[in-house]
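[1] need a structure here:
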Amino acid sequence: MFGWKRYLAAGAATAALVAFAPAAQSETLADALIAAYRHSHLLDQNRALLRAADEDVATAVAALRPVITFVANAYHQDRRFAHSKAETEIDTNSISLSAELVLLDFGRRDASIKAAKEAVLATRAGLVGVEQSVLLDTVQAYVNVRLAQAIVDLRRNNTRVIGEELKASQDRFDVGEVTRTDVAQAESALGAARAQLASAEGDLLVQREAYKAMTGAYPGKLAAVPAAPRLPKSLDEAVAIAMRNHPNLISAQHSVKAAELNVELAKANMRPQIGVTAEVGSELTNSSSDYDYGSVGISASQTIYAGGRLTALMRRAYAGQEAEKAALLNTTVSVEQSVANAWSSLQVLGAQIAANTAQIEAAQTAFDGVREEAKLGARTTLDVLDAEQDLLDARAARFESEANRYYASYALLAAMGQLTVEKLNLGIPTYDVATYYNVVKDAPAMSFQGEALDRVLKSLNKE
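    Okay, here's the model as predicted:
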């Protein structure tokens, strides 16, 4: 099938498919992108992971607050005295309320809160990366359906034309102008064309399933793809934009900061801690020794020896910091490479389209000439079918090249960190990453803030 499935894997359709554009009321590429953004379970998953990271900030903030504990005890005791053999039963009930508050931890809580906040920012950037992936896959699904439909139409038309060639060969055979061999060659070509048409129709069904997986519904009539997005004028400009905006880089930068703060936290865990405790309670017995009590105290503690655990955690934090710094450098290289690859693809495919166009013109001229020569008896039916196949190959190749170039323009956007709902101006509400964070960042108790959290979650789900 002229290798067109190979190009579908890279994905895209382009302005050459405008000839197959359906009428008004068609689904547009923007419609597909909006549907994918709203339908994506992958985005839902990563939004939930972001909310989990938000709660890590709340957990760190909670360490700044007192811990209040309620304890109630009730027990029964039988006492038997060995010498007098007397027995006594004692019932004791107690209730107490205690509070603990860390006054000074020498940087533990501050480092923990800052590290959690950096993790939130890294997760937010990661969510943008997932959004880009979803939208790019949707572009691929959209244009793959259109490209598959274009190939089906091309194959169907080719089958029709070869059928006409077969009829003409049969008519010429009936009057003795050609041999049975010519008719057999046309019959063979028609069989091959029908097989290729069936294969193309099967590929279309596959691409429809991929479209449904991304958008939540099978494609209807798809409109022609819009003009390719505006791109930078040079590779250097594209790389510069990527270095500032790519979500993977931003996420890696915040991960490095979080790792540095984890080192500070490991150091702080080796320092002392000063706290205050208070307790009030009552103890009731079946004797006359009931009493109420209250106490307050201040304490200082520091781990002197923990079997090497604290130093191991320190070494682990340093290793984690080195790993994140290396990951940042690797991500920088990867992003720059992705931009360069996408840029090169655009240039190569542009040249390829020009070559395809010249190939079509030459193949059309050759086909017209061979067909006229065949009418004069200077060419065989096989010559005509071969020339027609060459023309079909050339047209399919241009479809594929133009499709790949259109996709490459969006791949370049993604490589620069610009393929988002906001940057594409799709005009729909987007997920607000700060809404949930702002509600939980101060570690509210669910008993007081549960309704507010419910409202926030409902509003975020609508977006």
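[2] quick check: Leu391 touching Thr365?
    No: checked against Cβ atoms under 8 Å, the pair Leu391 and Thr365 is beyond contact range at 9.6 Å. Where you see a C-beta, it was placed from the backbone N, CA and C, and this is true even at glycine.
[3] toward the C-terminus, what is the element adjacent to the helix or strand bottoming out on mean pLDDT in the chain?
    The helix or strand of the chain with the poorest confidence is helix 4-10; it has a mean of 34 (mean pLDDT, DSSP states H and E). Once helix 4-10 ends, the next helix or strand along the chain (criterion: DSSP states H and E) is helix 29-39.
[4] distance between that next one and the chain's centre?
    14 Å (Cα atoms, centre = their mean, to the nearest Å).
[5] domains of this structure?
    By the assignment in automatic domain parsing, the chain contains the domains 4-420, 435-463.
[6] single out the most deeply packed of those.
    Counting by mean count of other Cβ atoms under 10 Å, domain 4-420 has the highest mean neighbour count of the domains of the chain, with a mean of 17.
[7] list the neighbouring strands of the helix or strand harbouring Ala278 plus their orientation.
    Using DSSP H and E, the element containing Ala278 is strand 273-285. When pairing is defined by DSSP bridges, strand 273-285 lines up against strand 87-104 (antiparallel), strand 291-301 (antiparallel).
[8] report the central residue of the protein.
    Val130 (2.6 Å; Cα atoms, centre = their mean).
[9] pLDDT score for that one?
    Here the pLDDT value assigned to Val130 is 97.
[10] output the contacting helices and strands for the host helix or strand of Gln170.
    Assigned by DSSP H and E, Gln170 falls within helix 108-174. Counting contacts by 3 or more Cβ pairs under 8 Å, 6 or more residues apart in numbering; DSSP states H and E, helix 108-174 packs against helix 4-10, helix 29-39, helix 41-62, helix 180-215, helix 247-268, helix 381-415, helix 433-440.
[11] between helix 381-415 and that helix, find me the angle.
    170 degrees (axes from the mean of the first three to the mean of the last three Cα atoms, to 10 degrees).
[12] contacting residues around the nearest residue to Ile250 once chain neighbours are set aside?
    Using Cβ to Cβ, 6 or more residues apart in numbering and skipping the chain neighbours, the partner closest in space to Ile250 is Ala125 (4.0 Å). If you count contacts by Cβ atoms under 8 Å, 6 or more residues apart in numbering, Ala125 has them with Pro247, Asn248, Ile250, Ser251, His254.
[13] hang on, the earlier thing: can you put the helices and strands packed on helix 108-174 in a markdown table and add distance to Val102?
    Output for the helices and strands packed on helix 108-174, formatted as a markdown table (distance: least, Cβ to Cβ, whole Å):
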| stretch | distance to Val102 |
| --- | --- |
| helix 4-10 | 57 |
| helix 29-39 | 44 |
| helix 41-62 | 11 |
| helix 180-215 | 50 |
| helix 247-268 | 12 |
| helix 381-415 | 46 |
| helix 433-440 | 22 |
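[14] which of those helices has the lowest average pLDDT?
    Across those, helix 4-10 gives the lowest mean pLDDT, at a mean of 34.
[15] Thr215 and Leu413: what is the separation?
    The gap separating Thr215 from Leu413 is 19 Å, by Cβ to Cβ, to the nearest Å.
[16] same question, Thr357
    As for Thr357, its distance to Leu413 is 26 Å (criterion: Cβ to Cβ).
[17] how about Asp368?
    41 Å.
[18] now Glu118
    27 Å.
[19] again, but for Ile95
    Ile95 sits 65 Å away from Leu413, going by Cβ to Cβ.
[20] please apply the same query to Val263.
    For Val263, the distance to Leu413 - Cβ to Cβ - is 37 Å.
[21] then Ile241?
    With distances taken as Cβ to Cβ, Ile241 is found 10 Å from Leu413.
[22] repeat that for Thr311.
    Taking Cβ to Cβ as the measure, Thr311 falls 48 Å from Leu413.
[23] quick one: contacts for the residue lying closest to Ala193 once chain neighbours are set aside?
    Among residues not flanking Ala193 along the chain, Thr159 sits closest, at 4.4 Å (Cβ to Cβ, 6+ apart). Neighbouring residues of Thr159 by Cβ under 8 Å, 6+ apart: Leu190, Ala193, Arg194, Leu197.
[24] repeat that for 7 Å
    By Cβ atoms under 7 Å, 6 or more residues apart in numbering, the contact list for Thr159 reads Ala193, Arg194, Leu197.
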